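**Student:** Sequence first, then the predicted structure:
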Amino acid sequence: MKVTKKDLLLLGIVFLVLLAADQITKAIAFAVMGENAPVTMVIPGFLGFNTVLNEGISFSIGEGGEWTQPIVIAITAVASIVIAVLIFKIPKRRLLLRYALVLILAGAVGNLIDRIAMQAVRDFIYMNFGFVDFSNNVADLEITVGAVMLIICLLFVDEEAIFRPAPKESPAQEMKGEEPPAGGLKEEELPAEGGEVYGQGEAAAGTKTLPAENSSSETEEGPTENASSQTEEKFAEDVSSETEEEPASAEAASSGEGADGACGKEAASSAADTKEGKGEPRAPQAGHGNA
């Protein structure tokens, strides 16, 4: 994610505050103490104030040279432009690196203003480390602090730092042998395990399919059983009706014997045979007649 307008506004405010702090402290020191004032110690043997116009670079290197100021001004201007472009290009999440560059840019521009306006840099802070002593200003301190932050970021803190430890693997990744992402793991980015989801899908599909198979089998078996039971019941009714009709036909035949004689008997027996499916009714034999 690149720098947004809100981030640019915040970075611009920080830059202007740092630049103003450098220019205001220089103006106050030279207004109060005057130019080339002797050292006034605040912490004996270590820290004090004085006023010096430095025409060279750090530790007064190149002081008095004819081309020192034009060369230093050109190098400082180019470096400031490059640093400003880097601040725009660095992603938003690399916050510490961006502010380190803002510190360096503010200090460089502060000293560049002095070189363009006065052909020298105003120093007023005296430091003595025992083996070396020198005078500097707020812009030099900003550049120093920014450079230290930049080195720490590039070596240890930044997401692409040289000596940054690798992020720990999650238990799921250790089991699968996957490599963790470069930016570390986030809870909202953890992928769902495909095997578990697929297994749940199969279980859900099985749960839905089984009742369908059972219902279809029950549907297929149900009409068959009902049809067979209905056929058996109908056959039983037919048999019972035939059984009930046979005595009635026998009684009718016996009554026919009394009225018609032998022809009545033969007609009854032929009717019974027809009912039982034994063949065609037999014709009455000759020689029989009415009584």
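**Tutor:** Sure thing, it's come through.

**Student:** Who are the packing partners of the strand or helix carrying Glu142?
**Tutor:** Using DSSP states H and E, Glu142 falls within helix 138-152. Here helix 138-152 touches helix 5-33, helix 95-118, strand 121-128, going by 3 or more CB pairs under 8 Å, 6 or more residues apart in numbering; DSSP states H and E. All C-beta spots, glycine's among them, are computed from the backbone N, C-alpha and C.

**Student:** for those, which one sits closest to Phe46?
**Tutor:** Among those, strand 121-128 comes nearest to Phe46, with 5.7 Å by CB to CB.

**Student:** Note down every partner strand of that closest one and its orientation.
**Tutor:** Strand 121-128 sits in its sheet next to strand 47-54 (antiparallel), strand 133-136 (antiparallel), going by DSSP bridges.

**Student:** Can I get the helices and strands packed on helix 138-152 in JSON lines including distance to Leu141, mean pLDDT and mean neighbour count?
**Tutor:** As requested, the helices and strands packed on helix 138-152 are exported to JSON lines (distance: least, CB to CB, whole Å; pLDDT from 0 to 100; neighbours: other CB atoms under 10 Å):
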{"stretch": "helix 5-33", "distance to Leu141": "9", "mean pLDDT": "95", "mean neighbour count": "14"}
{"stretch": "helix 95-118", "distance to Leu141": "7", "mean pLDDT": "95", "mean neighbour count": "20"}
{"stretch": "strand 121-128", "distance to Leu141": "8", "mean pLDDT": "95", "mean neighbour count": "20"}
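
**Student:** Relative to Phe156, which of these is closest?
**Tutor:** The closest of the helices and strands packed on helix 138-152 to Phe156 is helix 95-118. By CB to CB, the value is 10.5 Å.

**Student:** Just the C-alpha atoms of the closest one, please, in CSV.
**Tutor:** Output of helix 95-118 as CSV, limited to C-alpha atoms (Å, rounded to 0.1, in the frame of the first residue of the first chain):
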residue,chain,number,x,y,z
LEU,A,95,6.6,3.3,9.2
LEU,A,96,9.9,3.4,11.0
LEU,A,97,11.9,3.5,7.8
ARG,A,98,9.9,6.3,6.4
TYR,A,99,10.3,8.5,9.5
ALA,A,100,14.1,7.8,9.5
LEU,A,101,14.2,9.2,6.0
VAL,A,102,12.1,12.2,7.1
LEU,A,103,14.7,13.0,9.8
ILE,A,104,17.6,12.8,7.3
LEU,A,105,15.7,15.0,4.8
ALA,A,106,14.8,17.7,7.4
GLY,A,107,18.5,17.9,8.5
ALA,A,108,19.8,18.0,5.0
VAL,A,109,17.4,20.8,3.9
GLY,A,110,18.2,22.8,7.1
ASN,A,111,21.9,22.9,6.4
LEU,A,112,21.2,23.4,2.7
ILE,A,113,19.3,26.6,3.5
ASP,A,114,22.3,27.9,5.5
ARG,A,115,24.8,27.1,2.7
ILE,A,116,22.6,28.9,0.1
ALA,A,117,21.9,31.9,2.4
MET,A,118,25.2,32.4,4.2
